[in-house]
Structure formats: C-alpha cells, structure tokens
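**Student:** Here's a sequence, model it:
(4 chains)
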Protein chains: 2
Amino acid sequence: MASPVSPTRNHAADRRRPGAVSIREVAQRAGVSIATVSRTVNRIPSVNPELARRVWQAIDEVGYLPNTQARALVSGRSRMLGLIVSEITNPFFPELVQEFENLAVAQGYEVFIGSTNYDPVRTESLIRRMLQRSVDGVAVMTFGIEEDLVQKLVEREFPLVFVDAGPDLPNIRVLKVDYGEGIRQGVQHLAALGHRSIAFITGPLYMRSAVARRDAFVKSMAEIGLTAPAEHIVEGTHTMEGGIAGMERLLALTELPTAVMCSNDMTAIGVLHALFRTTHKVPEEISVVGFDDIHLAQFALPPLTTVQMSCKDLAAAAVEGLRAGIEPDHSRAATKQWRIPTRLVVRQSTAFPRGTLPALMQNALRVPRSGGVK
Amino acid sequence: MASPVSPTRNHAADRRRPGAVSIREVAQRAGVSIATVSRTVNRIPSVNPELARRVWQAIDEVGYLPNTQARALVSGRSRMLGLIVSEITNPFFPELVQEFENLAVAQGYEVFIGSTNYDPVRTESLIRRMLQRSVDGVAVMTFGIEEDLVQKLVEREFPLVFVDAGPDLPNIRVLKVDYGEGIRQGVQHLAALGHRSIAFITGPLYMRSAVARRDAFVKSMAEIGLTAPAEHIVEGTHTMEGGIAGMERLLALTELPTAVMCSNDMTAIGVLHALFRTTHKVPEEISVVGFDDIHLAQFALPPLTTVQMSCKDLAAAAVEGLRAGIEPDHSRAATKQWRIPTRLVVRQSTAFPRGTLPALMQNALRVPRSGGVK
DNA sequence: AGAGTTCGGGGAAACGATTACCAGAAATAC
DNA sequence: GTATTTCTGGTAATCGTTTCCCCGAACTCT
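**Tutor:** Sure, this is the predicted structure:
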C-alpha cells in the first residue's frame, strides 16, 4: 500500500496555531483520559489527587489553555458580559468600563464593550453582535431609554442590568441612582454661599437620567423657597459643545444668574470654556457646579465643584447584578434594585456671588503672584 | 410514578436560551440540509438561487443568528481582534478604540479591548485571556516596549501590529509614527514667534514613543541652532499629574523658559493647571504646546496648540495591518510598515514670549537671546 | 444512445471541550 | 468467601457549525 498517507482532508486541526495545545495532548502526556483532564481543570473533587497532580504537571509542561469557544459551545455559557455605554469617548465611560472590567475579570468573565453613540441602528447591530457571541448577560449603562432597542435581549430572557429604570422582570435588575441627595447638597452649598439666581443646564431630555437630574434640581430649589425662571433652565447635550451652547444662551439673558449647575461634568467644562472666552471669571463672577466627578473634574480650570456619582459603586453593582442573574445560587439573586449614592465634592469653581461683601475674603484664596490683575 | 418521562440527560440544548435558533431549525423549515444552509449563509456561489431564497426566507422567519462560537471552533478563526492599550481612562485611547472598533466591525470583526495599566502582571493575564478567546490577531497600541510581554503571541505566530517598532517577522507589521515632522513644526512655530528658551516635558522614558518625541524635540531645536539646557528637559508620565509635577520643577528654576512643549496633551493640560494655580497667564507669560490633539485639547483653557497624530489614521492602519496578516489574500499582505503623519494645529496657548510686543514692534525692543548660539 | 463530465446538495466527520453513563476495582456487609 | 455498595475514571454523546466526500441527476460529446 501507498506510503504513510498524507492526510487528504483539510481540517481545522491543520489550521491550528503553532503552540496551541488541546486537552487531548494533556491527557496523553499525563496518561489519563480527556475526561479526567477536564475534571481536574474544573476542580471536580472526585479526581484522585495523584492523578490531578500528574494532570496539572502535564498542563504546565505543554502550556495548555482551555479553548473558551469549545467550552462555551457545550456549556451554553460564554462567560462574557456585555457592557453597553453611550459613547466611549465621553470620559465618564472609560472610568466605568475600567472598573467594570476589573471586577468582571476578577470573577472570570470577559467584557464585550459597545457604544451606541446614540444611534438606534448602531445599537441594534451592537445587540445582534452580542447575541451572536452569546454573552451571558448585558449591562445597559446608557442612562437612556433603550427598552425598545434591547427588546430582543428581554425576549430571550437575558440577565440584564439597567440604570435608573427598567422592566420589572425576573432576570432584570435596576441600579437606582440617588440623584436627589447629591444635587440637593449642591443647591444648598450654592444657597449657603448666598446664591439666589441659579441656572441649570440639563442633558438631552430624552435621557431619563437627564430628566431626573433636572427634576432633582427643581425640587431642591423649591425646598429652600427658590424657583428658577424658565429661561434659567436650558437643555444641553451632556457634551462640552452643549455646555458652551447652553452657557451662551444664558449669557445672552438680560439677567445673568450668579451660579450654573450642570447635568454632567462635560457640560460644566464647556461652560468654563464659554466663560473663559467671554472673560468671565470663575468663581468670582459666576459659580459652576458639575455632576459625575470624572477624573478630569479636578483638573479643570478652576478645579470643578461637582456631585460625585461613584462609578466604582456603579460598576460593582452592575457586575453583581449580572452575576445574580446568571449564577443560579448567587447570594443576592433576589435583590432587584441596587441603590447608588451621590454626594457633593467642593472644589474651587464655586464661591460667593459677585458683588457680595464676603467677596473680599476671596482674595485670600488666590494670591496674585505680582502686580494687579489686569 | 412520574408523568410522561422527563428527559434524563441534561444537555446544553436544554440550557439554550429561549428564542435561540440553530441551523437545524432553518434547514428543516426550508426543507434542505444543514450543509446547504451553511453554504447559503456563507454565500458560496454554487447554491441554487431558488434554494438560497427559501433558506433566506426561513432564516428571516425563525430569526436565525449563526453561533459565533461554533463557527470559530470549526473554522479556527474567531473573527476577534485584540486591541491592547495602556490605559483606557487616558482620553487619547477611547478615541483610538472607537475608530478601531468602527473599522473592525465594518470588516466583520469583533474587538477584544484590554488595557495594561502599565502593569506587567495585568498584561500577562490580558494576553492569556486573548489567547484563550483565540483572537485572530492583536494590535499592541501601548507605544511602549512590550516585546517580552507579548512573546507568547509572537511564538504562536499571531498576526501582530506594533507602534513605532517591533520584531521583524513575517506576521508582524509596524506603524511608524512620524514624530519628527509635527514636532519640528511645533518648535519652528515657537521660534517664529520669538521663543528661544523652550522646555520639554517628556513622557515616561521607558516608552519608546516618549523617547522618540523627546529626541525629535532636541533635533528640531538643534536644526535652528538652539539647545535646551538639561534642566529644561524634565521627565513626565504622560498624565495630568505628571504635567503638574513637571511644570512645578520648571517653575522652581531661576530662569523660567518662555515656552513649554509637552510629550502629550494630558501633560499639557496638567501644565496649564499648574500655571493656573500659580497665576501665570497662558499664553501671555508662557506658551504651551501639546501632542496628540485629543478632542479635549480644543476645550482646554486656553485651547491648546498641539501636534496632531490622527488616531483615525492610526486605527485604520492597525486594522488594515491585522487584516493583511490574517486574510491570506489581502491586497496589502506584503506591506510591513505603515507611516502615520503628524502636523501642528495652532490654537491659543501659544503667543509671543513675555516681554516682547507683537512683531511690528519687536525690532525696537531687546530680544533676550539667552546665551545665543554657542 | 452510451460513456464520460459537470454540478449541486446531502451525509457525516471533524473542531475542543463538558458530562451522562457505565464498567471495573475496591471497600464493605453478611 | 460471596454479594452488595461505593467510588473512580474511561467511553461516547453532544453543543452548532464548516467542509470533505460522494452520489445521483443533468449535460456534453461522439
């Protein structure tokens, strides 16, 4: 018969990357069956310790890494978590992504990140991609109203985590951010300094969280007997550009407010920019408050007083919420809501209103190097 | 006795998510074999158009989505690209990630993002995770020297893309950023304004790109007959904190430079912050130039003059470079190096040196040629 | 018309894991 | 000493695809 027969079929095995080892090689080397290797790797207690030792040694020697795809295929679980954010380029989200990823990886999950860019078409494609990769659950951290868009995930009973609100279904958990408390602290801080005329630049009002923040502002103002006139509440976009545009609208008013609160830090940074362009001094002439407390906030000029929403807390709750939905005997499987606190962080973008007596004391805060201010 | 026989075995099929459909259901519904469905989905031209039509219709009716894991398992290709960045929280990277992702998705790839956070242990684990998920290739966009860390990828002959430099192997492509041209433009811009005393805050010098940027600065200075004294070149960290620290060291000098160039924009933002704290005016008293041109740069106070390195170009080259390595008949399979251009973007953080007046009056005034040409 | 060629599509073998089931060996019971 | 139970580890089925191989039908050519 012919010489040792070259394999005629071109199977995946031939395409395997050099150095890639399968469970079979380990089994052969350790002199056991592949079942035993699998059991050893998955730490099934019934394997003989001596065999286990041999298996681990073989694994080490050949550099075996279990193939996640194969594992996922048979187990029906991919150990991947989807994380949907609005825009990865908005500095708030990378911080969240980072925390989320750290926690997920610590629990043995991989993260499938995607951003909607506020585009329904893109979002739909994103969800299809997540379905195809069969993620185990998805955290929808867009702070928006995407329930119709994630309908496919809901139908298929994926464990889901939403922020602020979501359908009340067994597999769905909601992270309730306490916008009220932090914003109240912000308003009261400004009021305590003597501000009465406080404007608010919102986020895009199709976002649930933007509405919630605005409402929290109005409510906090009312609590201390203040009402902002309609023209002092302007809609922004949660971007620097939106902050600039919003501030420009406020600057065009006959009566300029003495303080501006913003629905997020990016907006506040835009506001600072607009005020810089028009040579208004912050905080001497106008105070500015942000929301989120992104890392950048402390490096704004001046460093931004802002309401902190801990993205560590948010990420931790998201991961735990997903795990609770995925792992049948998770300790908090029954928890349906997770509260996320907020609090004020005072920096240097807030001060007494312009033209008030304590203004003298402001000079103590910033000492001009030499000469006077121009 | 129990009612109609519950299935005794607990197979993955039982764990399948509601609504998940496999190729078999499609085949049955269309009245063809699964092979034909597969061929249709993969657009193999040999299938009868009439059958194909029936298959597509069935796919549509049952909402079939091919399972990527199974596909990857048999084909040996996961259609996932690894993307390794230094720190996702550094605003430069999200912009890169975004572009990379858009391009990759357009080509039918998914992106596996990971950040090293400059931690070798974390990096190693990241690479192990990428190996397990069997990515098709990896773009190492850390701008650092990670060759030893990605050794495992090199050994296994993964298609790789590096920035600046990498081993000369068949599967490896290198993106050569032209640091020289942009930095030269920056130096000449400052010199044209009349600056002679220009400092430079580097990135961390274990990063290849940080060294390259510094060298480009020194070279550009030399070209126009200037040499920066040693104390005018201080090492930073490519972060805002590093920019602050670096600027503080410069401020402590007896002879303050009239302009500061920075190895990246984050450093420059830190510098602006440090100058603000010490009430130095930018650009009246000191000019500042950044590098990268991140989105934030135009919102700095004042808007930052900077050297643009297009992360669109970078991302495009990375994706194409990987595809060239992965897809056997890619048009640019032979290309080993991809040049990334840079160019100066002038905004408002640069001006005439302090103590000089605009050009028309300069002749009348003393121009401090500190040291002159040696 | 018969013999050779295409050609399209179905059956079945992979891919690399997990795990139900079962066969022996060892341990225990009588 | 035999019968029964317990235990351990191997065999094989399975996940959802891709793709090789082959069979039968339809052509082509003399």
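**Student:** The nearest residue to A:Ile59 once chain neighbours are set aside and DNA strand D, how far apart?
**Tutor:** Nearest non-adjacent residue to A:Ile59, counting by CB to CB, 6 or more residues apart in numbering or on different chains: A:Val26, 5.5 Å away. C-betas here are computed from N, CA, C, even on glycine. Separation of A:Val26 from DNA strand D (CB to the nearest atom of the strand, to the nearest Å): 12 Å.
**Student:** check contacts around A:Val26.
**Tutor:** A:Val26 is in contact with A:Ile34, A:Val37, A:Val55, A:Ala58, A:Ile59, A:Val62, A:Tyr64, counting by CB atoms under 8 Å, 6 or more residues apart in numbering or on different chains.
**Student:** residue boundaries of the strands in chain A?
**Tutor:** Ranges of strands within chain A are A:80-85, A:110-115, A:137-141, A:160-163, A:172-177, A:198-202, A:233-235, A:259-262, A:287-292, A:305-309, A:337-340, A:342-345, based on DSSP state E.
**Student:** Let me know which of the ones you listed is tucked in deepest.
**Tutor:** Of all the strands of chain A, strand A:259-262 has the most neighbours on average by mean count of other CB atoms under 10 Å in any protein chain shown, namely a mean of 32.
**Student:** Keeping just the C-alphas, turn that strand into CSV.
**Tutor:** The C-alpha coordinates for strand A:259-262 follow below in CSV (Å, rounded to 0.1, in the frame of the first residue of the first chain):
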residue,chain,number,x,y,z
ALA,A,259,-24.3,80.3,39.5
VAL,A,260,-24.8,77.5,37.0
MET,A,261,-25.3,73.9,37.8
CYS,A,262,-24.7,71.3,35.0
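**Student:** Give me the sheet partners of that strand and which way each runs.
**Tutor:** strand A:198-202 (parallel), strand A:287-292 (parallel) (DSSP bridges).
**Student:** Quick check: closest non-adjacent residue to the most centrally placed residue in chain A.
**Tutor:** The residue lying closest to the centre of chain A (CA atoms, centre = their mean) is A:Leu96, at 3.5 Å. With CB to CB, 6+ apart as the criterion, A:Leu96 has its nearest non-adjacent residue at 4.4 Å, and that residue is A:Cys311.
**Student:** Spit out the contact partners of that neighbour.
**Tutor:** Taking CB under 8 Å, 6+ apart, one finds A:Phe92, A:Glu95, A:Leu96, A:Glu99 in contact with A:Cys311.
**Student:** Report the separation between it and A:Glu147.
**Tutor:** 23 Å (CB to CB, to the nearest Å).
**Student:** do the same with A:Pro229
**Tutor:** Separation of A:Pro229 from A:Glu147 (CB to CB) stands at 34 Å.
**Student:** Among the two, which residue is more densely surrounded?
**Tutor:** Legend: neighbour count by other CB atoms under 10 Å in any protein chain shown for A:Pro229 and A:Glu147, higher for A:Glu147 (16 against 11).
**Student:** what does the model give the closest residue to that one other than its chain neighbours for pLDDT?
**Tutor:** Here the nearest residue to A:Glu147 in space, its sequence neighbours aside, is A:Pro167; by CB to CB, 6+ apart that works out to 6.4 Å. With respect to pLDDT, A:Pro167 scores 89.
**Student:** Please work out how many residues are found near A:Pro167.
**Tutor:** Using other CB under 10 Å, the number of residues around A:Pro167 comes to 13.
**Student:** I figured it was touching A:Asp148, is that so?
**Tutor:** No - checked against CB atoms under 8 Å, the pair A:Pro167 and A:Asp148 is beyond contact range at 10.7 Å.
**Student:** ok so, going back, wait, the residue nearest to the centre of chain A touches A:Thr142, no?
**Tutor:** No - using CB under 8 Å, A:Leu96 makes no contact with A:Thr142, being 11.0 Å away.
**Student:** what touches both of those two?
**Tutor:** Common neighbours of A:Leu96 and A:Thr142 (criterion: CB under 8 Å, 6+ apart): A:Val85.
**Student:** In contact with A:Glu124, which residues are there?
**Tutor:** Residues in contact with A:Glu124, defined by CB under 8 Å, 6+ apart, are A:Leu149.
**Student:** Please produce TSV containing the contacts of A:Val26, extended by pLDDT and neighbour count.
**Tutor:** As requested, the contacts of A:Val26 are exported to TSV (pLDDT from 0 to 100; neighbours: other CB atoms under 10 Å in any protein chain shown):
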residue	pLDDT	neighbour count
A:Ile34	95	14
A:Val37	96	29
A:Val55	95	25
A:Ala58	95	21
A:Ile59	96	21
A:Val62	94	16
A:Tyr64	95	22
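**Student:** Among those, which pair sits farthest apart?
**Tutor:** The distance between the two most remote of the contacts of A:Val26 (CB to CB) is 13.5 Å, for A:Ile34 and A:Val62.
**Student:** Please report the confidence value the model assigns to the residue nearest to A:Ile59.
**Tutor:** Per-residue pLDDT puts A:Val26 at 95.
**Student:** For the closest residue to DNA strand C within the stretch 251-374 of chain A, grab the count of nearby residues.
**Tutor:** Nearest to DNA strand C, among the residues of the stretch 251-374 of chain A, is A:Pro328, at 12.4 Å (CB to the nearest atom of the strand). A:Pro328 sits with 7 neighbouring residues when counted by other CB under 10 Å.
**Student:** again with the one 3 residues further on
**Tutor:** Look at A:Ser331: counted by other CB under 10 Å, it has 10 neighbours.
**Student:** That one and B:His273: what is the separation?
**Tutor:** In this view, A:Ser331 and B:His273 are 44 Å apart by CB to CB.
**Student:** Equivalent analysis for A:Trp56, please.
**Tutor:** Remark: distance between A:Trp56 and B:His273 (CB to CB) = 52 Å.
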